[in-house]
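Asker: Fold the following and give me the result.
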Amino acid sequence: MEGLNHPSHKHPLVLSKYTNLPSDALCYGCNEAIITNTNVYRCSTTSRYSSCTDIFLHQKCSTLPPYIQHNFHIQHMLHLVSHVYLQYECHLCGNSLPSPQFFYVCNICSIWICLKCALPEPDLNHASHNHVLTLLPLKSLQFCGACGSKGSEDYSYFAHIKCALSATESGEEDVGDVDDPDLVHFPVSDNNPLILYQLIQKFAENLTTSTDKRSRKADKMSHCGNGHSLIIFFDNLNNENVGETKSSDHIICDGCVQPIQSPPDYFYGCRDCNFFLHSICAAGLPREIQHESHPQHELIRCDQPVKPNAFFTCAFCQNICNGIFYSCKSCSFYIDLVCAALPSKIKHDTHKHNLKLDDLYGYNHCDGCRWRSFCRTLRCEICNYQIHIGCARKPGRIKHRWDEHQLCLMYPPVKGHPHDFNCEQCSVDINPNHWFYHCRKCDTSFHAECLDQVRFANIKCGAIVKDDDLHQHSLKISPPGPKFKCGSCGFYKKDYRRPYFTRPILTCVSCKFSVCYDCTYHNGHKNKIKLLN
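Answerer: Residues are numbered from 1 along each chain as shown. This is a model prediction of the structure:
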């Protein structure tokens, strides 16, 4: 047997073909699995009381050069390091460097590079381009052909190392998932704007046929917030202009905040109050359910539309909502109807594989908005791509009053655009590596968070409230304008991308007075706001 004194370990390492290896045995050099019955180094200390019993090192990892010259950092030599005691990320691919694991470092410049990036193949065939890609240093700015972010302008085509390797590490990735005919596709198509309501229908049907008798009982909402009885409608109100609309053909349900289309479905409503409910939202939702998102407690249905000035934040999509929702009061857990009805797996146009609903809550990064948010995500099990549920629900096309055409949801790589994108709403440049909305014909662009249709997709505006202490006239729930100034606290909130612009405001129906929603919950206003009869 051959012994090796390697600088990464204090004891000699013995090379042999081991047959009885632990199933989770990993090489401490590359952090990859050890294959049984192959030549591998193992610590010579075999005592069961030793911490080195499961120390393994691939033969190829034992011969890694102690120093290398890398194109990414040509100023200094990089030397091989075996342990890191702080949390670092590779400067090339951005992945965290686990410990123990070998990597290369320049201590002078604090440059850290993982093995995969430090010793890649010099030439690579990539599906995004018809020529061989050569590994080169970045010199100035251009856009990555795989992900759309900036890189080198000295070459007509390039791809980041992370983007290039992610598409070649697994043969499965080049094929993509086989679509299930029942799989729900996002963004929602213009040809089927009622797809989210259809999810709620299926969700309600599954609940009412459940073997759990507590989940079967559905009771009917018979009154609106003003106490008026709801009546049944069998047509779309003779095309009269009533209720808030998301298009010229649909009124909006106060329960799920989705379009109502009739026929074929009938619905309930109060014409005087502009209050309407799908038949399912009015009479098909159980009072109590057991939901996989919160298995420890039952969720109780809350008919929030009877209080138009009351809002909640959905735990799934993190959007502000004022429709019907299910809640656990003891845990302050709230979920809107659409998120409660989401299937465990979807297909999204931004990614070629199916996305599965992640089981864990946490501050998860999103490859769509590039923000971290404490919520559930939809994740690709093949390539670790993930998006927030709120981003997955963003519409694929929307209409804006500043453009005669529909705006399309754009996502990387964005090709064929010679100059930077600039948001028409806030005048701030748009990072093309983030999702945004754009009209190719007019070259009009918007941050997604700058558009009311996205920020307030879960809110039905237009409800009238009355607070004599706040203002002498009636107030209407509305989205905030670009130059909104609160008439109560006087604060001028001009940054459209700040969190407080995810909340609606109250505007006077008779004059120019406006008040931020926070002020309605301060100074004793919370209990004084009431519905206008």
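
Asker: how close does residue 328 sit to residue 109?
Answerer: The gap separating residue 328 from residue 109 is 51 Å, by Cβ to Cβ, to the nearest Å. Heads up, the C-betas are built off the backbone N, CA and C, glycines and all.

Asker: Those two: which is more packed in?
Answerer: residue 328 (18 against 12; other Cβ atoms under 10 Å).

Asker: Which pLDDT value goes with that one?
Answerer: If you check residue 328, the pLDDT there is 89.

Asker: my read: it touches residue 295, true?
Answerer: No - at 10.7 Å, residue 328 does not count as touching residue 295 under the criterion of Cβ atoms under 8 Å.

Asker: Over to stretch 410-417 now: how far is its first residue from its last?
Answerer: 12 Å (Cα to Cα, to the nearest Å).

Asker: and that stretch, what's its mean pLDDT?
Answerer: 81.

Asker: Would you mark the buried spots in it?
Answerer: Using 16 or more other Cβ atoms under 10 Å as the test for burial, stretch 410-417 gives 410-413.

Asker: Give me the subset of those residues lying in strands.
Answerer: The strands, defined by DSSP state E, take in residue 410 from the buried residues of stretch 410-417.

Asker: separation between residue 67 and residue 19?
Answerer: Counting by Cβ to Cβ, the gap from residue 67 to residue 19 is 36 Å.

Asker: OK, contacts around the residue nearest to residue 29 when sequence neighbours are not counted?
Answerer: With sequence-adjacent residues excluded and distances taken as Cβ to Cβ, 6 or more residues apart in numbering, residue 29 is closest to residue 61, at 3.2 Å. By Cβ atoms under 8 Å, 6 or more residues apart in numbering, residue 61 lies in contact with 27, 29-30, 102.

Asker: Wasn't residue 61 part of a strand?
Answerer: No - membership of residue 61 in a strand is not supported by DSSP: H, G, I helix; E, B strand; the rest coil, which gives helix.

Asker: following the longest strand seen in the chain, which helix or strand shows up next?
Answerer: Secondary structure of the chain per DSSP E: the longest strand is strand 73-81. Using DSSP states H and E, the helix or strand that follows strand 73-81 towards the C-terminus is strand 103-106.

Asker: Show me what that next one is packed against.
Answerer: strand 73-81, strand 111-114, helix 115-118 (3 or more Cβ pairs under 8 Å, 6 or more residues apart in numbering; DSSP states H and E).

Asker: Mind putting those into CSV with mean neighbour count, mean pLDDT and distance to residue 207?
Answerer: Formatted as CSV, the helices and strands packed on strand 103-106 follow (neighbours: other Cβ atoms under 10 Å; pLDDT from 0 to 100; distance: least, Cβ to Cβ, whole Å):
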stretch, mean neighbour count, mean pLDDT, distance to residue 207
strand 73-81, 15, 84, 56
strand 111-114, 22, 84, 47
helix 115-118, 20, 82, 47
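
Asker: now the ones you listed in a markdown table, with distance to residue 448?
Answerer: Listed next are those as a markdown table, based on distance: least, Cβ to Cβ, whole Å:
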| stretch | distance to residue 448 |
| --- | --- |
| strand 73-81 | 36 |
| strand 111-114 | 32 |
| helix 115-118 | 31 |
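
Asker: Can you say which of the ones you listed is nearest to residue 54?
Answerer: helix 115-118 (20.5 Å; Cβ to Cβ).

Asker: among the helices and strands packed on strand 103-106, which is nearest residue 201?
Answerer: helix 115-118 (47.1 Å).

Asker: to the chain's geometric centre, what's the distance from the closest one?
Answerer: Centroid displacement of helix 115-118 relative to its chain, using Cα atoms, centre = their mean, to the nearest Å, is 29 Å.

Asker: Make 56 the first number, not 1, from now on.
Answerer: All right, first residue 56 from here; so that's helix 170-173.

Asker: Just the C-alphas of that helix, formatted as CSV.
Answerer: What follows is helix 170-173, C-alpha atoms only, in CSV (Å, rounded to 0.1, in the frame of the first residue of the first chain):
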residue,chain,number,x,y,z
LEU,A,170,-12.0,24.1,-8.3
LYS,A,171,-14.7,23.9,-11.0
CYS,A,172,-13.9,27.5,-12.1
ALA,A,173,-10.2,27.3,-11.4
